[in-house]
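K.L.:
Here's my sequence, what's the structure:
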Amino acid sequence: MARANDNDALNILSLERPARQTLPVLVSSPHSGRDYDPDFLALSRLDNLAIRRSEDAFVDELVSGIPALGAPALCALFPRAWLDVNREPYELDPAMFDAPMPRWINARSPRVRAGLGTIPRVVAGGAEIYRGKLTPDEAVLRIKSHYMAYHDNLVALIEETRGLFGTGCLIDCHSMPSAGNDGSRQKADIVIGDRFGASCERSITTAATEALRNAGLTVRRNDPYPGGFITENYGRPDLGIHAIQLEFNRALYMEERTMQRGQNMAAIRDALESVVRAIADATLTIALPANAAE
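P.N.:
Numbers count the residues shown, from 1 in each chain. Predicted structure coming up:
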């Protein structure tokens, strides 16, 4: 399997490819990065554990077997607390910066108001990240280097997949805390997001749901996670490109308090691989009528 060596050298992303792509899917893990630069940590008021609260910890390891199935897997190496690629490129809070920001940035999105823009102000749970303000140049540097690299690779993988199969499905993988901010427990093991049917054909969502339930997991759809920017932006069923988001309850595979791997990592990895196969089969089925007509 091949790696994206140029990007690895820059500590931007990991791209694992199969020797030959045999499935019409690709997998993305935008929030599992844990390469915390010392300069970033020096800017933060949080300790080395608290700064990790926004991580989709170890999701990169859950998806690590996907290339052996015949599909590529793209993972960010940088942390979400530093830069969130599951946002528009310039969802930014002007109050975070020591000089005026361009008027064209999106400063009014609900995510920015919550402190969770492209460059987040807080980690999950609401703790402030920074001791002081950042420069606008720092924001532009992060976005032009790391954000654009991630999305350029994502676009290339989507086009390659569609070129090979005439269709494709992007599977965007995340994790969710086992309890909400109000302390209530999550009502599902997995939340599937398809933007309420807008980002992929319903048959793909149905196939994913059935595969996960067959693995013994409880599933909800679009509640409370319908899919973020990646799912919404790249899901174009009318063009034969589908996108679906999977949120795994962290209590399934890790110890949240200490950020340690749990005993069920292998079982959840197997469940993910089974749902990837099911999504691939459903995606091909959608494409069959058009292929048969040619």
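
K.L.:
From now on I want contacts and neighbour counts done on CA atoms only, so please keep to that.
P.N.:
Will do.

K.L.:
can you pull the buried residues of the top helix by length along the chain?
P.N.:
Secondary structure of the chain read by DSSP state H shows that its longest helix is helix 265-293. Of all the residues in helix 265-293, those buried under the rule 16 or more other Cα atoms under 10 Å are 265, 268-284.

K.L.:
so where do the strands sit in the stretch 151-294 of the chain?
P.N.:
168-176, 190-193, 219-221, 241-249, 254-255, 260-261 (DSSP state E, counting those that start in this stretch).

K.L.:
For the fourth one, which outside residues touch it?
P.N.:
Read that as strand 241-249. Strand 241-249 is contacted by residues 158, 162, 167-178, 186, 188-194, 199-201, 205, 225-228, 231-232, 234-236 when judged by Cα atoms under 8 Å, 6 or more residues apart in numbering.

K.L.:
do the second one as well
P.N.:
If you take Cα under 8 Å, 6+ apart as the criterion, strand 190-193 is touched by 205, 209, 217-227, 244-249.

K.L.:
got it, and the last one?
P.N.:
Outside strand 260-261, the residues within contact range by Cα under 8 Å, 6+ apart are Phe58, Tyr253, Met254, Glu255.

K.L.:
Show me which of the contacts of strand 241-249 are buried.
P.N.:
Using 16+ other Cα under 10 Å as the burial test, those include 158, 162, 167-178, 186, 188-194, 199-201, 205, 225-228, 231-232, 234-236 as buried.

K.L.:
So in terms of bridging, what pairs with the closest residue to Pro30 other than its chain neighbours?
P.N.:
In space, and not counting its chain neighbours, Pro30 is closest to Ala76: 5.1 Å by Cα to Cα, 6 or more residues apart in numbering. The partner list for Ala76 in beta bridges (DSSP bridges) reads Leu13.

K.L.:
give me every residue that touches Ala76.
P.N.:
Each residue near Ala76 by Cα under 8 Å, 6+ apart is listed here: Ile12, Leu13, Ser14, Ser29, Pro30, His31, Ser32, Gly33, Tyr150.

K.L.:
What helix or strand is the last one located in?
P.N.:
In other words, Tyr150. Take DSSP states H and E as the rule and Tyr150 turns out to sit in helix 148-165.

K.L.:
Save the strands of the stretch 151-294 of the chain as a markdown table, and put in mean pLDDT too.
P.N.:
Output for the strands of the stretch 151-294 of the chain, formatted as a markdown table (pLDDT from 0 to 100):
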| stretch | mean pLDDT |
| --- | --- |
| strand 168-176 | 97 |
| strand 190-193 | 98 |
| strand 219-221 | 97 |
| strand 241-249 | 98 |
| strand 254-255 | 96 |
| strand 260-261 | 96 |
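
K.L.:
Name the nearest residue to Ile105, ignoring sequence neighbours.
P.N.:
Tyr90 (5.4 Å).

K.L.:
wait, that neighbour sits on Thr118?
P.N.:
Yes. Look at Tyr90 against Thr118 with Cα atoms under 8 Å: they come within range, at 6.3 Å.

K.L.:
do you know how far Ala188 is from Val112?
P.N.:
Using Cα to Cα, to the nearest Å, one obtains 27 Å as the distance from Ala188 to Val112.

K.L.:
Over to Tyr130?
P.N.:
Where Val112 is concerned, Tyr130 sits at a distance of 15 Å (Cα to Cα).

K.L.:
Great, nothing more from me.
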